[in-house]
Structure formats: C-alpha cells, structure tokens
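1. need the 3D shape of this:
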Amino acid sequence: MIQLIKPGINIDFIGKRKIAISISIAFIIISFISLALHKGPRYGIDFVGGTLIQLKFHSPVKIDNIKSALMSVDISKATVQEFGDKSENEYLINTESLILTNQQFQQALKSSLKAKTNSDAEIRRVEKVGPQVGSELREKALLAIFYAVLFISIYISGRFELKWGLCGAMGAILIASVYFLYLLKVPLTALIIIALIITIVFFGYFELKFAMGALLSLIHDVIMIVGCFSILNKEIDLPIIAAILTIAGYSLNDTIIVFDRIRENLKKYSKEPLEIILNKSVNETLSRTVLTSLTALAVVLSLFFLGGGIIHDFSFALIIGIVVGTYSSVYIASPILLAFHNTGKKRK
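-> Below is the predicted model of the structure:
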C-alpha cells in the first residue's frame with residue numbers, strides 16, 4: 001500500500017479544532033451575507049425558466065455591443081457573460097422570457113450581432129425551460145439534497161450506534177411530515193430548515209454522537225459549496241446539484257473511514273481520554289485520506305482545465321467539495337464527537 005505519510009505521525013488536529021471551526025464559522029457567515037445580498041443563490045435556467053443561447057464569435061467582441069444587438073431583436077432583459085476560455089470568444093445569453101428561437105429569429109439575431117460587433121456569430125446552443133418546470137426542478141433538487149443528508153445520517157447512526165429502529169422511525173416521521181406539509185403548499189425551504197433543526201435536536205437528545213458528526217459535517221459541506229458559488233456569483237443548476245450529491249457521498253466515505261478507526265480505538269484504548277483517541281485515529285487514517293483526496297482531485301482538475309466550458313462549473317464544484325469534504329472529516333466530524341461527549345459528561 002502506498003503511504004505518502006510515515007506511520008506513527010502525530011499531528012495535533014483535535015488541538016487545533018477551535019481555530020478550524022472558527023474559520024468555518026467565519027466563512028459560513030460570509031456565505032449567508034453573500035446569499036442575503038444576492039437575494040438567494042443565483043439559479044440557472046434549469047431552476048428559474050427562460051431561454052439560454054450560447055454564441056461563438058470569430059473575433060473578440062464587447063459585451064455592450066452584444067447587448068445592443070439583443071435590443072435590436074426585442075430581447076431587452078438579458079444577461080450576457082463570457083463562457084469558457086476567454087480566447088474562445090464564446091458568450092452565454094440568459095433571459096427569463098421564453099423566446100421563439102426559430103430559423104427566422106436565429107437569422108435576425110446573427111445579422112444584428114454582425115452589425116453591432118463587426119464579427120460573425122455562430123449559435124452553438126439554444127435551451128428553453130418553462131417557469132413552471134424550473135420551479136418544480138428547483139423543489140425536487142432541494143428535496144434530493146435533504147433526503148440524501150437525512151438518509152446518510154440515519155445510516156451512520158445505525159452503523160456506529162446500532163439504533164436502526166429509533167433513527168428509522170424518526171426519519172420516516174420527518175419524511176412523511178415534510179411531504180404532507182409540502183402538499184399543503186408550505187414553503188419547501190422553510191420545511192427543510194425546520195426538519196434539519198428537529199433532526200439535530202433529536203440526535204442531541206438521544207446522544208447519537210456519530211450521526212450528529214456526520215449530519216453537521218454534510219450540512220457544513222453543502223453550505224461551503226453554495227457559499228462559494230454565491231460569493232463568486234456563479235449559477236447553480238442541475239449539474240451543480242449532482243456535484244453536491246456526489247460530494248455528500250465522497251465526504252461520507254471519508255468520514256466513515258475516520259469513524260471506523262475511532263470505534264476500533266475506543267475499544268483498544270478505552271482508558272485513554274477521548275481527545276487523544278480522536279487525534280490518534282485521524283493520524284492513523286491520514287495517509288489514506290490524503291492519497292484518496294489527491295487521486296480524486298487530479299481527475300477533477302483535469303476536467304476543470306481540459307473539459308471545456310460546459311462542465312467548468314460542475315468540475316469547480318467538485319474541486320471545492322473534495323477539499324471541503326476532506327477538511328470536514330478531520331476538523332468538523334471528529335471534534336463534534338468530542339463536543340457532544342463532553343456535553344454528555346457535564347449532564348451526568
């Protein structure tokens with residue numbers, strides 16, 4: 001087995017937990033401020049509906065000239081942004097209105113762009129999504145993330161704390177409640193937030209420390225990815241939701257490796273303080289964690305730099321997720337175990 005890190009290493013990860021958690025809290029606050037300033041995430045055409053047109057010019061052009069050309073064909077409210085590598089001279093046009101993009105319209109658009117930019121334009125892609133479809137896709141994406149996080153937390157609790165029945169009953173009640181209230185037209189975002197808060201309270205009350213660590217770690221990772229996209233003003237569409245769900249699975253795998261070693265060491269070093277056991281467990285799995293992360297990161301970086309504009313944001317989300325997922329399994333999941341262990345001792 002390849003080992004990038006020598007056996008017996010003893011880095012004080014748990015001792016630096018307060019610094020790491022402070023950095024995470026600061027970034028989460030910045031993310032929420034960014035989301036508030038932007039009035040929520042910047043959703044792509046998949047979620048808000050409208051028309052997307054991808055253009056390629058034969059020479060460099062100015063965005064203002066493209067907007068002027070759009071005005072000439074009665075597209076007044078549209079955003080224009082560079083797409084992919086700057087040298088490719090490609091642009092994306094987004095408008096919330098549904099445009100009749102027939103052959104006559106495309107020819108008129110090309111003529112207008114030629115007149116305003118002095119460059120021939122090629123229409124490479126046209127996508128249209130109705131507002132009702134976009135709204136339904138947005139709601140289903142939120143539900144997908146919620147169910148994934150909830151089921152992962154239940155699985156962790158059952159595997160490490162052997163309370164399948166208790167967590168299964170709680171999960172069934174939460175899912176049924178969310179679905180019922182959703183049918184009654186209660187706002188889905190509020191429902192999911194309330195359900196997650198109830199889940200956290202439930203895990204805390206029954207002292208399901210491993211499940212709590214996994215749940216808060218996954219919530220942390222999702223907020224980090226959404227926060228980065230909000231700060232950079234990038235669109236969130238269906239491929240980004242797929243990336244978030246992929247990272248949830250990746251982060252869970254890393255967390256389970258650490259949790260497995262913690263469980264083994266709790267039996268082996270039962271008389272040692274939990275802080276020492278956690279630190280030993282993280283260090284013992286560090287080589288595998290780093291090797292797995294670097295291997296995954298190498299593939300995703302290849303997609304980011306060589307995959308083209310279509311999957312640029314998708315691969316960017318995966319890059320953030322791999323880094324954050326590795327970080328959270330060390331600095332979020334494990335310290336949460338320690339925090340709830342200390343809280344339990346104080347209660348007793």
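2. next structured bit after the helix or strand encompassing Gln106?
-> Using DSSP states H and E, Gln106 maps to helix 103-117. Next helix or strand after helix 103-117 toward the C-terminus (DSSP H and E): strand 121-129.
3. and the following helix or strand past that next one, average pLDDT?
-> Moving toward the C-terminus from strand 121-129, the next helix or strand (DSSP H and E) is helix 131-161. This predicted structure assigns helix 131-161 an average pLDDT of 81.
4. rewinding a little: what's in contact with the helix holding Gln106?
-> Helix 103-117 is touched from outside by 53, 55, 57, 61-62, 65-66, 68-70, 72-73, 99, 119-121, 123, 126, with contacts defined as C-beta atoms under 8 Å, 6 or more residues apart in numbering. In this view, the C-beta of every residue, glycine as well, is placed from N, C-alpha and C.
5. using PyMOL, make a named selection holding only the buried ones among those.
-> Selection command for PyMOL covering only the buried members of the contacts of helix 103-117, criterion 16 or more other C-beta atoms under 10 Å:
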select buried, resi 53+55+57+61+65+66+69+70+73+99+121+123
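6. from the contacts of helix 103-117, which land in strands?
-> Judged by DSSP state E, the subset of these located in strands is 53, 55, 57, 121, 123, 126.
7. and the angle from the helix holding Gln106 to strand 121-129?
-> 130 degrees (axes from the mean of the first three to the mean of the last three C-alpha atoms, to 10 degrees).
8. what comes up buried for helix 103-117?
-> By neighbour count with 16+ other C-beta under 10 Å, helix 103-117 contains the buried residues 105, 109-110, 112-113, 116-117.
9. ranges for the strands of the chain?
-> Counting by DSSP E, one finds strands in the chain at the ranges 50-57, 79-82, 90-95, 121-129.
10. make JSON lines out of those strands and add distance to Ile247.
-> Compiled in JSON lines, the strands of the chain are given as follows (distance: least, C-beta to C-beta, whole Å):
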{"stretch": "strand 50-57", "distance to Ile247": "25"}
{"stretch": "strand 79-82", "distance to Ile247": "25"}
{"stretch": "strand 90-95", "distance to Ile247": "25"}
{"stretch": "strand 121-129", "distance to Ile247": "25"}
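11. among those, which is nearest Glu136?
-> Glu136 sits nearest to strand 121-129 of all the strands of the chain, at 10.2 Å, using C-beta to C-beta.
12. which residues touch Pro41?
-> Remark: with contacts taken as C-beta under 8 Å, 6+ apart, Pro41 is in contact with 35, 226, 229-230, 236.
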